[in-house]
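just a sequence and a predicted model for now, questions to come.
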Amino acid sequence: TTRITKFDQRADEFGALAHSFNQMAEQLENNISSHQRLLGDVSHELRSPLTRLQLAVALAEKNIGNTAEQQKHLSRCEMEVERLDEMIADVLTLSRLEHSQKAFACDDTNLNHLVSQVVTDCQYFASSKDVSIEFKESGKYTLLADDKLLASAISNVLNNAVKYSANNQVVTVELTQQHEQIMLSVFDNGPGVPDEMLDKLFKPFFRVADARDRSSGGTGLGLAIAQQAILMHHGEIIAENIKPSGLKITIVLPMAKMG
Ligand code: ADP
């Protein structure tokens, strides 16, 4: 969420100037939040006609009189409807997260357990392309977190690592600590990302190779949602290329204070 610096109030010309800047800032903040609300409302409203469309396509597909050609078009419709549905869900999630700030269900979370669960959930997808996932943990970590939200962020990063890996490659997940921070890194040996695009990776709908990445599924919102989720845990998420080839995504989380 954008925060705009407020200027000090003073009683001279600078004060007057500061006053108008503050008013402009307030207006800007209001505009940003009403824009986010609109996005949420629009996605919500799109849901109902889409659900009806989904139903209509499903009914049409059941018609035994369909020719192969008609069936092919209907399957295509079904796929596109599913894709739209996924996209609307992701836009809604992102808009909700951007709105909700700190209001999320926090609990003491065993991070080792949570990561190992995410790894297990991703095994099926990994084995479908003979990618193996290695989970290396040094230390036990607990933190205050919204389990589901944190797990979905980690899951997105891990699924991407598998998705962009070639068959038979290895994806490594490392859980360690550095000073007062927990570091969760996911390494793959895929193609990586051109250096000049690394800072765009977390922007909504950004894709390195638009056509290629679009055809491999996903909405282009996964990393934007993951970043928002990590920011809500007072952490950060960083992307780096590794040698000879591959991407390393690090999620940095603050360690729970003792006592
Ligand atoms: P998508 O749904 O397209 O996967 P994401 O937000 O998860 O959307 O990722 C955005 C883009 O970042 C992807 O389309 C891809 O171009 C790039 N990307 C993400 N993870 C990786 C990775 N591990 N290796 C290479 N490129 C990646």
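Looks like it arrived, so ask away.

tally of neighbours for Ala89?
The number of residues packed around Ala89, counting by other Cβ atoms under 10 Å, is 14. For the C-beta atoms, the positions are set from N, CA and C on the backbone; glycine is no exception.

scratch that, Ala60 is what I was asking about
Residues near Ala60, counting by other Cβ under 10 Å, number 15.

wait, it sits on Leu74?
Yes - the pair Ala60 / Leu74 is scored as a contact, 5.6 Å apart, by Cβ atoms under 8 Å.

any common contacting residues for those two?
Contact criterion Cβ atoms under 8 Å, 6 or more residues apart in numbering; residues shared by Ala60 and Leu74: Asn66.

which residues of the stretch 101-250 of the chain lie near the ligand?
Proximity of the stretch 101-250 of the chain to the ligand, by Cβ under 6 Å from any ligand atom, involves residues 156, 160-161, 164, 188, 190-193, 201, 206-208, 213, 218-224, 247.

could you pick out the buried ones from those?
Of the members of these, the ones counted as buried by neighbours, 16 or more other Cβ atoms under 10 Å, are 156, 160-161, 164, 188, 190-193, 201, 206-207, 213, 218-224, 247.

give me the mean pLDDT for the strand or helix carrying Val119.
Under the criterion of DSSP states H and E, Val119 resides in helix 111-127. Throughout helix 111-127, pLDDT has a mean value of 97.

go on, stretch 187-202?
The predicted model assigns stretch 187-202 a mean pLDDT of 95.

for the ligand, what is the nearest residue in this protein?
Using Cβ to the nearest ligand atom, Gly218 is the residue of the chain that sits closest to the ligand, at 2.2 Å.

just to revisit the earlier point, in the helix holding Val119, what's buried?
Leu111, Leu114, Val115, Val118, Val119, Cys122, Ala126.

residues in contact with it?
Applying Cβ under 8 Å, 6+ apart, the set of residues contacting helix 111-127 from outside is 132-133, 135, 137, 140-143, 145, 147, 150-151, 154-155, 158-159, 162-163, 171, 173, 175, 182, 184, 253.

packing partners of the longest helix belonging to the chain?
Scanning the chain for the longest helix, with DSSP state H as the assignment, gives helix 13-62. Contact analysis of helix 13-62 by 3 or more Cβ pairs under 8 Å, 6 or more residues apart in numbering; DSSP states H and E lists helix 68-100 as its packing neighbours.

counting contacts, what elements does the helix it packs on pack onto?
helix 13-62, helix 222-232.

surely Ala224 meets Arg207?
No - with contacts defined as Cβ under 8 Å, Ala224 does not count as touching Arg207, sitting 11.5 Å away.

three-state assignment of Gly192?
coil (DSSP: H, G, I helix; E, B strand; the rest coil).

contact partners for it?
Asn241, Ile242, Ser245, Gly246, Leu247.

what two of those are the furthest from one another?
In terms of Cβ to Cβ, those reach their longest pairwise distance at Ser245 and Leu247, which sit 8.9 Å apart.

which phi and psi does the closest residue to Glu86 other than its chain neighbours have?
Nearest residue to Glu86, sequence neighbours excluded (Cβ to Cβ, 6 or more residues apart in numbering): Thr219, at 5.7 Å. Torsion angles at Thr219 (phi, psi; degrees, to the nearest 10) stand at phi -110, psi -10.

just checking, Thr219 touches Asp85?
No - in this structure, Thr219 is not within contact of Asp85 by Cβ under 8 Å, at 10.2 Å.

which neighbours do Ser245 and Leu247 share?
Common neighbours of Ser245 and Leu247, using Cβ under 8 Å, 6+ apart, are Gly190, Gly192.
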